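**Q** the following comprises the amino acid sequence and a computationally predicted model.
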There are 2 protein chains.
Amino acid sequence: MRIGDAAATAGTTPRALRFYEQRGLLPPPVRTRTGQRTYSTADVARVKIIRELLSLGLTVDDIATLSDHLHLLDGDTLPEHTVPDRIRLPQASEMFRRRLEVVDEHITRLTRLRQLLSVCHAQLAETAPPANESPDPARPTTTA
Amino acid sequence: MRIGDAAATAGTTPRALRFYEQRGLLPPPVRTRTGQRTYSTADVARVKIIRELLSLGLTVDDIATLSDHLHLLDGDTLPEHTVPDRIRLPQASEMFRRRLEVVDEHITRLTRLRQLLSVCHAQLAETAPPANESPDPARPTTTA
DNA sequence: CTTGCATCTGACGCATGGGTCAGGGTTTAC
DNA sequence: GTAAACCCTGACCCATGCGTCAGATGCAAG
């Protein structure tokens, strides 16, 4: 599978795959002797995971730090590629901790923002002719 | 009050104030006849609100759209400056609705991410020699 | 063999929220 | 009166996550 198909299958673009590779999110893929990248379905799966993590708010650098442990997620079965060292494990663990803190903080902030927006919205509805309003959707759908 | 003091009082920099002004978050301030900007305490209050909203994740453009309604928040008492029209009210209301949706979505995503991180962290702790771990911080501190 | 799409590398572009000069006037303090 | 500190505008710089072009090959089809 060459880069175009791989990218399409993963729901992204060739450019993104090269970018991920360059930034260490993806192992350097097997090349044909003429230099064309070839990807396996495992590679594609990994790309999907990467996209998921990005969409969740992790940065490229975060994911690069994690790249040797991505197999902990879903069906990703790619071998570790950059470093086999256990030395970075505590570091990764630290990163998780810090990330968790940041995420918790974000959630807190967003919850406050939500409240604020909803107050503004309500006040606006009072002073303005009611156009088309949705009844206050109460609290965030923490259904996840 | 000139720009330096105003910025310092609001906890930011002169550059930021000029930037907010340029992007329509702040009304063009009164100038001395030599062209220096002067700010009132109301202006400063508004800057604080702007910073709060930014820190909550609103973009500059969002806040610009809201700028005529910022007085709904806190003690902001600046007059509306760009448009007195009521025409944009429904639009602003729409914006609030959409923003609320986006925020809710973010909260949902972040909550998922949080869970994911916490799983990874736990698995890492299993396979790795326990260096220095914090006991799983459970759920986001929704203390706000 | 030739056409035409896919791929290669390298480099510059975009939006965000400002930081940081550069080159020149203003205000304040001694 | 003169230096220090502040302010002015305009312009370029940073990191992120790619998009987009340019010029050169590669590959599959007729």
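**A** Perfect, I can see it now. Treat the numbers as computed from the prediction; the structure is a model and nothing was measured. Numbering: from 1, shown residues only, chains lettered A, B, ... in the order given.
**Q** what residues does chain A have near DNA strand D?
**A** Counting by Cβ under 7 Å from any atom of the strand, the positions of chain A adjacent to DNA strand D are A:12-13, A:15-16, A:19-20, A:32, A:34-36, A:51, A:54, A:59-61. Placement of C-beta: from N, CA and C, glycine included.
**Q** closest to chain B among the residues you listed?
**A** A:L54 (10.7 Å; Cβ to the nearest Cβ).
**Q** which helix or which strand is home to the closest one?
**A** With secondary structure defined by DSSP states H and E, A:L54 is part of helix A:41-55.
**Q** dump the residue contacts of the closest residue to DNA strand D within chain A.
**A** Residue nearest to DNA strand D within chain A: A:V60 (3.0 Å; Cβ to the nearest atom of the strand). When contacts are counted by Cβ atoms under 8 Å, 6 or more residues apart in numbering or on different chains, A:V60 touches A:20, A:23, A:25, A:54.
**Q** top of the residues of chain A next to DNA strand D by neighbour count?
**A** Most neighbours among the residues of chain A next to DNA strand D, by other Cβ atoms under 10 Å in any protein chain shown: A:Y20, with 22 neighbours.
**Q** what about chain A, any weak spots by pLDDT?
**A** A:68-95, A:109, A:120, A:123-144 (pLDDT under 70).
**Q** what does the helix or strand encompassing A:T9 contact?
**A** Using DSSP H and E, A:T9 sits in helix A:3-10. The contact list for helix A:3-10 (Cβ under 8 Å, 6+ apart) reads A:1, A:13-14, A:16-18, A:36-37, A:39, A:43-44, A:47-48, A:51.
**Q** sorry, back to before: among the contacts of A:V60, which one sits closest to A:I107?
**A** A:L54 (18.3 Å; Cβ to Cβ).
**Q** re earlier: quick one: the residue of chain A closest to DNA strand D from A:R23, how far?
**A** Counting by Cβ to Cβ, to the nearest Å, the separation of A:V60 from A:R23 is 5 Å.
**Q** what of A:G11?
**A** In this view, A:G11 and A:R23 are 19 Å apart by Cβ to Cβ.
**Q** before we move on, back to that, in the helix holding A:T9, what counts as buried?
**A** The neighbour-count check on helix A:3-10 (16 or more other Cβ atoms under 10 Å in any protein chain shown) flags A:3, A:6-7, A:9-10 as buried.
**Q** what does stretch A:26-40 give?
**A** Buried residues in stretch A:26-40, counted by 16+ other Cβ under 10 Å: A:26, A:29, A:37, A:39.
**Q** state the pair within these that is farthest apart.
**A** Between any two of the buried residues of stretch A:26-40 (Cβ to Cβ), the greatest distance is 9.7 Å, for A:L26 and A:R37.
**Q** any common contacting residues for those two?
**A** By Cβ under 8 Å, 6+ apart, A:L26 and A:R37 have these common neighbours: A:L17.
**Q** taking chain A, what residue is nearest to DNA strand C?
**A** The minimum distance from chain A to DNA strand C, using Cβ to the nearest atom of the strand, falls at A:G4 (2.5 Å).
**Q** so that residue versus A:P29, what's the distance?
**A** Going from A:G4 to A:P29 by Cβ to Cβ gives 13 Å.
**Q** quick one, strands of chain A?
**A** A:30-31, A:37-38 (DSSP state E).
**Q** kindly reformat these as a markdown table containing distance to A:V103.
**A** Below are the strands of chain A laid out as a markdown table (distance: least, Cβ to Cβ, whole Å):
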| stretch | distance to A:V103 |
| --- | --- |
| strand A:30-31 | 36 |
| strand A:37-38 | 33 |
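**Q** picking up where we left off before, so which elements touch the helix holding A:L54?
**A** helix A:3-10, helix A:14-22, helix A:60-66 (3 or more Cβ pairs under 8 Å, 6 or more residues apart in numbering or on different chains; DSSP states H and E).
**Q** quick check, nearest of the buried residues of stretch A:26-40 to A:L117?
**A** Each of those was scored against A:L117 by Cβ to Cβ, and A:L26 proved nearest at 38.3 Å.
**Q** got a list of what the closest one touches?
**A** A:17, A:20, A:43, A:46-47, A:50, A:67.
**Q** make a ChimeraX selection of the buried ones in the residues you listed.
**A** Selection of buried members from the contacts of A:L26 for ChimeraX, criterion 16+ other Cβ under 10 Å:
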select /A:17,20,43,46,47,50,67
